[in-house]
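In: model this:
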Amino acid sequence: MQKVNLKEKFSLFNEHWQPKVVGELNGQHIKLVKFKGEFDWHHHENEDEMFMVIKGSFDLEFRDHTITLAEGEFCIVPKGVEHRPVAREEVEVMLFEPAGTKNTGNINSDKTHINLEKI
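Out: Reported below is the predicted structural model:
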C-alpha cells in the first residue's frame, strides 16, 4: 500500500486525451487524463463512467443538454448514454470505470487508446 499524489502524477505527462492508470480496485481503473478541445461523440455499451474534475473545468455534452463540471465536482454517465467532453482550457480529470473500458467507447478514432500506460 502506498499513497498517490494526484498533483505529482499529473506532472508526469502533458498530452491530452490519453488516460493514464494510477490505481485499480475491484475491477475498476482509476485514470488520470488531461482534456483540451473537443472529444468524439461516443457511448459505452456496458460501462458507466465517472468524470471528476481535479483542476479546471469542462463541459460534458449530451445530445439534449450540457453539464459544466468545475473543480471538486463529478458526473456519472450511465452506460449507453452518448456524450462528449469539451474543454476550452486544459483540465485535469480523474476517471473511474471498469478495467478494459475503451476511452472512445463504441467508436474508433485518432483519440482511441487501448493499452494504457500505468504511472
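
In: Secondary structure element holding E8?
Out: helix 6-10 (DSSP states H and E).

In: Residue nearest the middle of the protein, spatially speaking?
Out: L95 (4.4 Å; Cα atoms, centre = their mean).

In: Please name the nearest non-neighbouring residue to it.
Out: In this structure, L95 finds its nearest non-sequential neighbour in K31, 4.2 Å apart by Cβ to Cβ, 6 or more residues apart in numbering. Yep, even glycine has a C-beta here, placed from its N, CA and C like the rest.

In: gap between that neighbour and E97?
Out: Distance from K31 to E97, counting by Cβ to Cβ, to the nearest Å: 7 Å.

In: ok, now R84?
Out: 16 Å.

In: More neighbours: which of those two?
Out: E97 (21 against 17; other Cβ atoms under 10 Å).

In: so what's that one scoring on pLDDT?
Out: Model confidence at E97, given as pLDDT, is 90.

In: which intervals of the protein have sub-threshold pLDDT?
Out: Within the chain, no stretch has pLDDT under 70.

In: Please enumerate the strands of it.
Out: Applying DSSP state E to the chain gives strands spanning 20-25, 28-38, 49-55, 57-62, 66-70, 74-77, 83-98.

In: any chance of these in TSV, plus distance to E8?
Out: What follows is the strands of the chain, written out as TSV (distance: least, Cβ to Cβ, whole Å):
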stretch	distance to E8
strand 20-25	10
strand 28-38	11
strand 49-55	12
strand 57-62	22
strand 66-70	22
strand 74-77	21
strand 83-98	12
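
In: Out of the ones you listed, the one nearest K118 is which?
Out: strand 20-25 (4.6 Å; Cβ to Cβ).
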